[in-house]
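Enquirer: With the input below, show me the fold.
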Amino acid sequence: MHDPTYRAQVAFENSAYNQPPHVGFHIGVGMADPPVPDIFVK
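Expert: Sure thing, here's the model as predicted:
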C-alpha cells in the first residue's frame, strides 16, 4: 500500500467499477530490486 498508483486503484475499486489494481512499477523478469520503504513501527 506504499505505491501511490496501487493505493489509488484500490480506493477506486472499493468505490467505483471493480477493476484490478495496477502497481506503478514493473513486476516480472528483469525487475530491479524495489526500494525499501521508509516505515517505522513502534
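
Enquirer: Distance from stretch 32-42 to the middle of the chain?
Expert: Distance of stretch 32-42 from the chain centroid (CA atoms, centre = their mean, to the nearest Å) equals 13 Å.

Enquirer: Straight-line length of it, end to end?
Expert: 29 Å (CA to CA, to the nearest Å).

Enquirer: Checking V10 next. Helix, strand or coil?
Expert: helix (DSSP: H, G, I helix; E, B strand; the rest coil).

Enquirer: How many neighbouring residues does it have?
Expert: 14 (other CB atoms under 10 Å). To be clear about C-beta, it is placed using only N, CA and C from the backbone, and glycine gets the same treatment.

Enquirer: Over to the one 4 residues further on?
Expert: Counted by other CB under 10 Å, the residues lying close to N14 total 9.

Enquirer: repeat for Y6
Expert: 15.

Enquirer: Find the helix or strand that it is a member of.
Expert: helix 4-15 (DSSP states H and E).
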